[in-house]
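Compute the structure for the input listed below.
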Amino acid sequence: QAKYNTWACTNNFESKLPKELKAKREKAEDAIARVKQGTLNNHLKEMPKKEQGVPFTNAAFCDAAMEWLVITDQPIQALTNPSFKKMIDIGARATKSVLLPTRKGTHDNIMTRFKTELMNLKERLNVSL
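From the prediction side, this is the model:
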């Protein structure tokens, strides 16, 4: 076999021995595997399921508004307040669920706004407190 391989190399002859053919085929398959484009399967992750909200209907909205009035002990005029309508209009344009602040977050926001308004009032009145 060694003589045959030497003769095949010197005479520029392609070896047809089974072991040589198998080695050549495996080498070609390895080359193709290195060049072949991989798949994304290992990199893909399943997306978390989106929370399905209650579908909008006027009846469902009115029920929720009435429930909110009763539970939070709001006056009936709260539903016709321009600020309430503005809040509903802004929330209606949300593409995802609306995140409401916590009690502490709401308290801190109100206190910060109060202090800012107090400072603005002080500047307008030009009075030192």
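
Helix or strand next in line after the helix or strand of the chain with the lowest mean pLDDT, which one?
In the chain, no helix or strand scores lower on mean pLDDT, DSSP states H and E than helix 2-10, which sits at a mean of 80. Per DSSP states H and E, the first helix or strand lying C-terminal to helix 2-10 is helix 18-35.

Alpha carbons of that following helix, in CSV - could you do that?
Presented in CSV, the C-alpha positions along helix 18-35 are these (Å, rounded to 0.1, in the frame of the first residue of the first chain):
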residue,chain,number,x,y,z
PRO,A,18,-11.3,2.2,-0.1
LYS,A,19,-9.6,3.7,2.9
GLU,A,20,-8.3,6.6,0.8
LEU,A,21,-11.7,7.2,-0.7
LYS,A,22,-13.3,7.2,2.8
ALA,A,23,-10.7,9.6,4.1
LYS,A,24,-11.2,11.9,1.1
ARG,A,25,-15.0,11.8,1.5
GLU,A,26,-14.8,12.6,5.3
LYS,A,27,-12.4,15.5,4.6
ALA,A,28,-14.8,16.9,2.0
GLU,A,29,-17.8,16.6,4.5
ASP,A,30,-15.8,18.3,7.2
ALA,A,31,-15.0,21.2,4.8
ILE,A,32,-18.7,21.5,3.8
ALA,A,33,-19.7,21.4,7.5
ARG,A,34,-17.3,24.3,8.3
VAL,A,35,-18.6,26.4,5.4
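
Quick one: work out the angle between it and helix 2-10.
50 degrees (axes from the mean of the first three to the mean of the last three Cα atoms, to 10 degrees).

what comes into contact with the helix or strand that helix 18-35 is followed by?
Per DSSP H and E, the first helix or strand lying C-terminal to helix 18-35 is helix 58-71. Residues outside helix 58-71 that contact it (Cβ atoms under 8 Å, 6 or more residues apart in numbering) are 54, 74, 76, 78-79. Just so you know, the C-beta spots here come from the backbone N, C-alpha and C atoms, and that holds for glycine as well.

Determine which two of these are furthest apart.
The largest separation in the contacts of helix 58-71, counting by Cβ to Cβ, is between Val54 and Ile76 at 23.3 Å.
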